[in-house]
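S.K.: output the structure for:
(3 chains)
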Amino acid sequence: MAASVPTAASRRPQPWWRTQRAQQWLVGYAFLVPDVLGLAVFIALPILGAVFISFHEWTGIGERHWNGLSNYATLVHDAAFLESLKITAIYTFTFVPLLYVIALALALLVNQGLKLTGFLRSAFFAPYMVSLVVASVIWSFMLEDPAGVINSVIGWLGIPPQPWLGSTRLALTSVILVTLWQSVGYSMIIFLAGLQDIPAVYYEAARIDGAGAFRRFRYITLPLLNRTSVFVLLISFIGAFQLFDPIFVMTKGGPADATTTAVYYIYRQAFQFLQLGYASALSVALFAIILVFSLLQLRVFRDRADE
Amino acid sequence: MAKQVKNGGLTRRTFMVRSLATGASVAALGSPLRAFGAGGKVTLQFWKFAAENDDPVIRDAVKRWNDAHPDIQVNFQTFPPDQYHGTKLTTAFAAKRGPDIFWISPGAFINYVNNGVAAPVDDIVDKSAYNPASIAAVSVKGKMYALPFEMEPVALYYRKDVLGKAGIQPPGTWDELLAAAKELTAGQQKGIVIEPAPGPYQNFTWYPFLWSAGGEVVDATSRKSALRSPQAASAFDLWGKLVRQGYAPGRVPTLTADSGPLGRGETAMQVCGFWAIAQLKANFPSVEYGIVRIPTPAGGKPVTVYGGWTQMINALGKAVPQAEAFTKWLWTEDKTFPQEWACRHNSKFSPNNAINEQCADVFDTPPYSIFKNEILPTARAEPRYPDQVVKAVGDGLQAAMFSGKSGEEAAALAAGKIDAYLSTYKGAPLNPST
Amino acid sequence: MSSAPSRAPRERPRRARRARRGRSWADRLVLYVLAAISFVVLAGPLLWMLSSSLKGPGEVLASPPTLFPHEVRWQNYRDVFGQVPFARYMLNSLLVAGVVTVLALLFHSMAAYSLARLRFPGRDRIFLGILMTLMVPFTVITVPLFIIVDWLGWVDSYLGLIVPMIPHAFGIFLLRQFYLSIPLELEEAAIMDGASLVGVYWHIVLPLSRPVLAALAVFFFLANWNNFLWPLIVTQDEARWVVQLGIQRFTGEHATAYNLIMAASTCAALPTLILFFVLQKRLVEGVKLTGLKG
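M.R.: Modelled structure (predicted):
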């Protein structure tokens, strides 16, 4: 809601650009110019460029050839793309809930007022300091079979060493593990802020009324974290759909395409098969899907928030 | 040019300047370089992937050139190997900003030729001095489109101590290979390391197995896949078995071009290339290893593959003659660099027989001599299949190794994808005509 | 388990038995154990990275892996800075990330103020459009973006590294949230006194946003410090490489010096880690103020 600023005290006739309305317009647009111009030139224009390319056949190193909607016609029958969307969906709908739960749990933990809170906070956020590429390199060593760190640890628990990155069954799990590790600290900070904003009196009142820890959590913490939750879920959802780096570093889409997500599939089409036109058409399709899902998510959570 | 034409006539000054310029141009025409007039400096972009071991040698050579040729400067840049071909080169060329000279792999070669990016290099090379197969691999319709400069064959390395302790002879046939791998897999040690990760290197190291069984990826006309044969199926099956039975790891943290697993004792045998000799010497000097040919199926002919990058000149660049001059200098005229590249700094055979002769002191000593005498003569050039074909073959291998598909199913899977791709393929033939 | 540090007055005796002022030692033990496990899981791999950065080339790939290097090899760090101009890369990253962060914060706060406080036609639609740009994976726009940047003449220049990374919907979104939650009185008072809208922004709103800006500064700096793909595409000369590209320099054709990669990664992670450690309180405060609470 924009502020409805009161009219100035003076009633002198003013030049048109000094009226409230004009001021709001002028400053409103002017302040938007740097960012909107930037977004227009460096994101919107490339998106349009990608759409334009999607109507062509182009290797990138050669000339472009117009081929109308034929990329889109191919796309619809592309079973491999559908498979990659499926894998992306499996990844997303596993990753996002896990991230939510773990980040919230960590935030709750850090908020307990234990000793060394600042140190713990830094430690939990630290994985986010390294880029996803570096995180993937580190983890690809830790997940080594048979003698990586992870297998050694589960060995103590009596579990035989698992082929984390060398089996179609476990490869996606390993990717989820790595991305969870890297990004949980970020969401934790956001939850932490949300938690610290909840006034202590609510908990007091609840306790006085005899509510146990779990009920306090369910009826006070969770609802008051609603906006935070929506934000975390939305951001992690959008990010999950665009997963690329760990796949590129650790599995290259394998084994047997078990970790070929949509973005990796598009990357392969564009930069290995040199089918930039087709890759652009795929990107347009992916963008549309993400958009629809995001809008749905917002709608669902807005309705819930209104309760 | 002085614009001193007054009164409709040539002044003496104008005449002097013009004749000097003409004279200079005429003189310069003798060399392959065009005169650019006074102060016309050209800067060539020379790109390759980063290889911290090898790049200093190239940098030295580039510096020598730059010192000797102030008007043709070469700017040598390297990029992370994983992104070099895919993202970096493609994006640069897409914006018409490709480098003037660059290294290219056999897989990407055809795409660049098909799109008119490769400048012919026949003039630079004395073909009679070169290995015919290397020339053929970079030729389309009799014209060479890249300069080959290295040949790195692939063989089977094995730990003498491990095999000796188990009393096993280095395998010569597939049956022996399977038996040896099985017996040598114990505890943390695998019997053999083959490349499990999909990609050009996996295919590259698998081709010897396919070929020795008599199989081919693409038929002679380069129009259809030839993988629907029992020979090809058996090759898929072999690799599938090795991984499925656990004799070979399903995943190695590094590319298996790194001989580390063998050196560290994580495996008894490893399929690796000529470069591994230098690696093992540097990193594991105390490990005793042996080299044999890649095993063949019973009754098969020994054959292996050799790989190697080639140097391509951007036909769309702005200084093609200069680029040609530099390439020619680097690989044929300079006295030190070609030899350094082949044997003083690395271990890579050269397709130029003269260079190999200069390196005789190195190449005639074991273990290099094993490669020279036994492996290299059986080696075929790495095929120049585009990535779609590479992926199709890779899919077959992945299916055999990880999805429990039989060799036949894997071969059919690969063949189907290759046929689908080739049906719409228009371009230079995949198989080089010899 | 209580969810907030207890600041409550003393309990009625009836409730004193329930876990309250100071939890029972069993609860505390559980919490500390959980904290320890989380620490090991989250910080452990980084400690392993640190330890690997001091190992020799053979040992870093050793299987089974060693926890501590057999002999500490500080030479690795000398190699990282000696073999490649890593210090230059770090300076480049610092320059790029720093400039992007400062300019982004300025532009985003302006845009957010405009979207939150001012009224003009198309405002909400513009905001929606801005949000939509979040949903585009970078791979998609790589080639067209490069062509555009080339057309601007910014390839292989600091401009090309910095400017395309400034606009980002995320910052606009958060700042707008924050501005929506500030009470109007301060601004209204200023306007009554005759301040212009620009003046209100500069003298009132911007100073109020300091905590949020600090929080966003950490995020932006981190994102740009860890950026890999765009710097790879837009730079051609090594003189303009950034830290993430530098780390990749140690990947070889046939073998990779992983111990050097670990050392380089540690060097790359250290500045941001220190930055976070110093600013973390501000960071949490700032995020709180963005009004993300329910």
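S.K.: which of the residues in the lengthiest helix in chain A are buried?
M.R.: Longest helix in chain A, counting residues (DSSP state H): helix A:79-110. Neighbour counts using 16 or more other C-beta atoms under 10 Å in any protein chain shown place A:81, A:84-85, A:87-89, A:91-92, A:95-96, A:98-100, A:102-104, A:106-110 of helix A:79-110 among the buried residues. Placement of C-beta: from N, CA and C, glycine included.
S.K.: burial of whatever residue of the stretch 151-294 of chain C ends up closest to chain B, as a residue count?
M.R.: Closest residue of the stretch 151-294 of chain C to chain B, C-beta to the nearest C-beta: C:Gln248 (3.7 Å). Neighbours of C:Gln248 under the rule other C-beta atoms under 10 Å in any protein chain shown: 22.
S.K.: what sits against it?
M.R.: A:Val133, B:Ala50, B:Pro80, B:Asp82, B:Gln83, C:Phe228 (C-beta atoms under 8 Å, 6 or more residues apart in numbering or on different chains).
S.K.: do A:Thr92 as well
M.R.: Applying C-beta under 8 Å, 6+ apart to A:Thr92 gives the contacts A:Phe237, A:Ala240, A:Phe241.
S.K.: by neighbour count, which of these wins?
M.R.: Among those, A:Phe241 has the most neighbours (other C-beta under 10 Å), with 24 neighbours.
S.K.: mind listing what it touches?
M.R.: A:Phe241 touches A:Thr88, A:Thr92, A:Ala262, A:Val263, A:Leu286, A:Ile289, A:Ile290, A:Phe293, C:Met135, C:Pro137, counting by C-beta under 8 Å, 6+ apart.
S.K.: ok, now B:Ala319?
M.R.: B:Val42, B:Leu44, B:Ile72, B:Asp100.
S.K.: read off the pLDDT value for A:Tyr18.
M.R.: You called it Tyr, but residue A:18 is Arg. Looking at A:Arg18, its pLDDT reads 71.
S.K.: over to C:Ala255. Which of the three states is it?
M.R.: coil (DSSP: H, G, I helix; E, B strand; the rest coil).
S.K.: just to revisit the earlier point, among the contacts of B:Ala319, which lie within strands?
M.R.: B:Val42, B:Leu44, B:Ile72 (DSSP state E).
S.K.: pick out the residue nearest the middle of chain B.
M.R.: Central residue of chain B (C-alpha atoms, centre = their mean): B:Gly308, 2.1 Å from the mean position.
S.K.: from B:Ala94, how far off is C:Pro231?
M.R.: 18 Å (C-beta to C-beta, to the nearest Å).
S.K.: partners of the closest residue to B:Pro120 other than its chain neighbours in the sheet?
M.R.: Of all residues not flanking B:Pro120 in the chain, B:Lys143 sits nearest, at 4.7 Å (C-beta to C-beta, 6 or more residues apart in numbering or on different chains). When assigned by DSSP bridges, B:Lys143 has beta-bridge partners B:Val140.
S.K.: how about the residues of the stretch 251-400 of chain B by chain C?
M.R.: B:253-255, B:257-260, B:263-264, B:266, B:273, B:275-276, B:279, B:283-284 (C-beta under 8 Å from any C-beta of the partner chain).
S.K.: just give me the closest of these to C:Ile191.
M.R.: B:Pro253 (62.9 Å; C-beta to C-beta).
S.K.: mind checking pLDDT for that closest one?
M.R.: For B:Pro253, the model assigns a pLDDT of 83.
S.K.: pick out the residue closest to the middle of chain A.
M.R.: A:Gly239 (2.2 Å).
S.K.: ok so, going back, highest neighbour count among the ones in strands among the contacts of B:Ala319?
M.R.: Neighbour counts for these, by other C-beta under 10 Å, peak at B:Leu44, which reaches 25 neighbours.
S.K.: what's the distance between the residue nearest to that one when sequence neighbours are not counted and B:Asn66?
M.R.: Using C-beta to C-beta, 6+ apart and skipping residues adjacent in sequence, the residue nearest B:Leu44 is B:Asp100, 4.4 Å away. For B:Asp100, the distance to B:Asn66 equals 14 Å [C-beta to C-beta].
S.K.: give me the more crowded residue out of those two.
M.R.: Counted by other C-beta under 10 Å, B:Asp100 and B:Asn66 do not tie: B:Asp100 has more neighbours, with 25 against 16.
S.K.: show me the contacts for that one.
M.R.: Per C-beta under 8 Å, 6+ apart, neighbours of B:Asp100: B:Leu44, B:Gln45, B:Phe46, B:Ile313, B:Asn314, B:Gly317, B:Lys318, B:Ala319, B:Val320, B:Gln322, B:Ala323.
S.K.: export those to CSV and tack on distance to B:Thr336 and secondary structure?
M.R.: Below are the contacts of B:Asp100 laid out as CSV (distance: C-beta to C-beta, whole Å; DSSP: H, G, I helix; E, B strand; the rest coil):
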residue, distance to B:Thr336, secondary structure
B:Leu44, 20, strand
B:Gln45, 23, strand
B:Phe46, 18, strand
B:Ile313, 22, strand
B:Asn314, 26, strand
B:Gly317, 27, coil
B:Lys318, 29, coil
B:Ala319, 25, coil
B:Val320, 26, helix
B:Gln322, 21, helix
B:Ala323, 21, helix
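S.K.: drop anything exposed from the residues you listed.
M.R.: Buried members of the contacts of B:Asp100, scored by 16+ other C-beta under 10 Å, are B:Leu44, B:Gln45, B:Phe46, B:Ile313, B:Asn314, B:Gly317, B:Ala319, B:Val320, B:Gln322, B:Ala323.
S.K.: and of those residues, the nearest to C:Ala190?
M.R.: Checking these one by one against C:Ala190 (C-beta to C-beta), the nearest turns out to be B:Gln45, at 56.3 Å.
S.K.: excluding chain neighbours, what is closest to the closest one?
M.R.: B:Pro99 (3.9 Å).
S.K.: A strand includes B:Leu316, no?
M.R.: No - counting by three-state DSSP, B:Leu316 is not part of a strand but coil.
S.K.: confidence score at residue 107?
M.R.: You didn't say which chain, so I picked chain A. A:Ala107 is assigned 90 on the pLDDT scale.
S.K.: hmm, no, I was thinking of chain C.
M.R.: 93.
S.K.: over to B:Pro367?
M.R.: pLDDT at B:Pro367 comes out at 89.
S.K.: and if you look at C:Glu238?
M.R.: C:Glu238 is given a pLDDT of 86.
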